[in-house]
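In: okay, here's the prediction I keep looking at, along with the sequence it came from:
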Amino acid sequence: MWIDSHCHINDEAFDEDREDVLRRMKENGVLKAMIVSLNKEELEKTRKIEYEGLTFKRSIGVYPEDSYRFSEEEIRNIYEEFRSPDIAAIGEIGLDYHWDKDHKERQKEVFYEQLLLAKQLDKPVIIHAREAAEDTYKLIKESGVRKGVMHCYSGSKEMAREFVKLGFYISLAGTITFKNAREPKEVALSVPLDRLLIETDCPYLTPVPHRGKRNEPSYVVHTGSFIAELLGMEEEEFRKQIEKNYDELFGIV
Ligand SMILES: [Zn+2]
């Protein structure tokens, strides 16, 4: 089986044809997925997503840009969900300096709060870091959190190694299939196999050969095949390793 370790099939981009998207997951052998919620409404929607033969895990967290957009109350409401038994991970949380440079302190504050809550609850974190690798690394290290994944990792292989040393997994998305994607390929080749994950981050970051269209979990097959070939591995062996990594990070049930 294939696994999509990070998707947003709760997004309104799938409201019209979610059943078809789920059916294609099953047809393509993408049987497990982590559904990430960015707010309570998305989480409620996620709790209703079911499909025979598919197993979903759920996460929720305050997204970097929402740390200054959301009210204190909205943020508290999300934090309250962290302890729910059906929440397997806290995220996506982190820092994004690409879109926002004016609220760095607020971003760091909310990120750190969530790291501490994750540690208290002993749940893994899903990290979104864009043009903020150094600060992200520093805060994780300080927090004592040693269990999580760098989602849609876009940094250097050197930095990836540092995150791996902290106990983190590195998750690669469809961007690795793009012709000019040098760095993600270097990362795939240098990260220990038992720390690698793959994801779609759908509806965004659609892999080749569907680039330009809406992304969906069944397309994780293209990213997975691409990486298996890059590593010179049998697809079957690669799939098994990814499943093992996913189960180890997020738990089997
Ligand atoms: Zn995401």
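Out: Looks like it arrived, so ask away. Computed from a predicted structure; not experimentally measured.

In: ok, the longest strand along the chain: who's next to it in the sheet?
Out: When the chain is parsed with DSSP state E, its longest strand is strand 87-96. Sheet pairing of strand 87-96 (DSSP bridges) gives strand 55-60 (parallel), strand 125-130 (parallel).

In: return the alpha-carbon coordinates of the last one using PDB.
Out: Spelled out, it's strand 125-130. Provided in PDB are the C-alpha atoms of strand 125-130 (Å, rounded to 0.1, in the frame of the first residue of the first chain):
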ATOM      1  CA  VAL A 125       4.200  17.400  15.700                       C
ATOM      2  CA  ILE A 126       3.800  18.200  12.000                       C
ATOM      3  CA  ILE A 127       6.000  21.100  11.100                       C
ATOM      4  CA  HIS A 128       5.500  23.700   8.400                       C
ATOM      5  CA  ALA A 129       8.700  25.700   7.900                       C
ATOM      6  CA  ARG A 130       9.300  28.000   5.000                       C
END
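
In: shouldn't Leu197 be in contact with Ile242?
Out: Yes. Counting by Cβ atoms under 8 Å, Ile242 is a contact partner of Leu197 at 6.5 Å. Every C-beta, even on glycine, is put in place using the N, C-alpha and C of the backbone.

In: hey, what's in contact with both of the two?
Out: Counting by Cβ atoms under 8 Å, 6 or more residues apart in numbering, the shared contacts of Leu197 and Ile242 are Ile3, Ser5.

In: now Ser59: how far from Ser37?
Out: Between Ser59 and Ser37 the computed distance is 7 Å (Cβ to Cβ, to the nearest Å).

In: now do Asp4
Out: According to Cβ to Cβ, Asp4 and Ser37 sit 15 Å apart.

In: that older thread, following element in sequence after the longest strand of the chain, please.
Out: Sequence order places helix 104-121 as the next helix or strand after strand 87-96, per DSSP states H and E.

In: what are the buried residues along that following helix?
Out: By 16 or more other Cβ atoms under 10 Å, the buried positions in helix 104-121 come out as Lys104, Gln107, Lys108, Val110, Phe111, Glu113, Gln114, Leu115, Leu117, Ala118, Lys119.

In: which residue packs closest to Gly251, ignoring adjacent ones?
Out: Leaving out its chain neighbours, the residue that sits closest to Gly251 by Cβ to Cβ, 6 or more residues apart in numbering is Ala88, at 6.1 Å.

In: and for the spatially closest residue to Lys104 that is not a sequence neighbour, the neighbour number?
Out: Nearest non-adjacent residue to Lys104, counting by Cβ to Cβ, 6+ apart: Tyr97, 6.7 Å away. With neighbours defined by other Cβ atoms under 10 Å, the count for Tyr97 comes to 17.
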